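> generate a structure from the sequence data that follows.
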Amino acid sequence: QSRCLDTFSVNGGRQCLQWGGRAIHSSSGGLGTELGSGFVLGQFTLKTGIPATTPTSALTINDVARYTQSFGNANYNVSQWLTALFVQDNFRLNNKITINAGLRWEHEGGVREEHNRLIVGFNQTAASPIAGQVPGLDLKGAVQSAGVNGAPKSVGDYNSNKWGPRGGIACQEGSKRAVR
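Next up, the predicted model:
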């Protein structure tokens, strides 16, 4: 993860104006074996009562509760950007009361995979890829791959306009205590 952030301030009398921002880039990747070799080679989960020492050649479909396997290139590299900007004004009303108000904007970019190998949606009206294998039925529905046929390159439908107001009051009570 890499990040860049900074805050600037201008003080004038009883007022302090602050503004700044941050940008964070997160990335992660691997070989597809992080969850065990079964992800790449295939993994059986046997039904209760079937000994784990049973040779694979002796198993039938009735002995297996679940089988999982990945296909294709298991190497991956996903990344995401998080950015934010803010402005805040602190105004000292008197020696004991400070009022602050501000506004923050945030953008959370979608998760992307380096080679566009993510599924980013499901098109219910597209022809099904197995439609030709089932004559007589008009099968609809297909996954949308990142960056293909106008599909987005990132997973999610992120709102770029996340605005957050901020407001507060701080009151000093005595020389050692403040209430916010």
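> who's in contact with Val111?
Val78, Ser79, Gln80, Leu118, Ser154, Val155, Gly156 (Cβ atoms under 8 Å, 6 or more residues apart in numbering). Just so you know, the C-beta spots here come from the backbone N, C-alpha and C atoms, and that holds for glycine as well.
> Asn62: which of these is nearest?
Nearest to Asn62 out of those is Leu118 (Cβ to Cβ; 35.3 Å).
> measure the closest one to Lys153 for me?
From Leu118 over to Lys153 the distance is 8 Å, taken as Cβ to Cβ, to the nearest Å.
> where does the spatially most central residue of the chain land on pLDDT?
The centroid of the chain falls nearest to Val111 when counting by Cα atoms, centre = their mean (5.4 Å). Confidence at Val111, expressed as pLDDT, is 88.
> going forward, begin numbering at 514 instead of 1
Understood, numbering begins at 514; the last thing we discussed is Val624.
> now it: how far from Ile632?
Applying Cβ to Cβ to Val624 and Ile632 gives a distance of 12 Å.
> okay, and the common contacts of these two?
Val668.
> quick one: residues contacting Gln593.
By Cβ under 8 Å, 6+ apart, the neighbours of Gln593 are His538, Ser539, Ser540, Glu621, Gly622, Gly623, Val624, Arg625, Ser667.
> so where do the strands sit in the protein?
Ranges of strands in the chain, per DSSP state E, are 515-525, 528-543, 556-559, 577-581, 589-605, 610-621, 624-626, 632-640, 653-658, 667-668, 675-686, 690-692.
> any chance of the contacts of Val624 in TSV, plus distance to Cys684 and pLDDT?
Shown next, in TSV, are those (distance: Cβ to Cβ, whole Å; pLDDT from 0 to 100):
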residue	distance to Cys684	pLDDT
Val591	47	85
Ser592	45	89
Gln593	40	89
Leu631	51	84
Ser667	45	87
Val668	46	85
Gly669	42	74
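> list buried residues within these.
The neighbour count (16 or more other Cβ atoms under 10 Å) marks Val591, Ser592, Gln593, Leu631, Ser667, Val668 as buried among the contacts of Val624.
> low pLDDT regions in this protein?
544-555, 582-587, 670 (pLDDT under 70).
> recalculate using a threshold of 80.
543-557, 569-570, 580-589, 669-674 (pLDDT under 80).
> who's in contact with stretch 598-606?
Residues outside stretch 598-606 that contact it (Cβ under 8 Å, 6+ apart): 527-534, 611-618, 679.
> now do stretch 533-546
For stretch 533-546, using Cβ under 8 Å, 6+ apart, the contacting residues are 514-521, 552-553, 583, 587-599, 627.
> need the overlap of contacts for Leu631 and Lys666.
Arg625, Ala659.
> chain center to stretch 680-692: distance?
Centroid displacement of stretch 680-692 relative to its chain, using Cα atoms, centre = their mean, to the nearest Å, is 38 Å.
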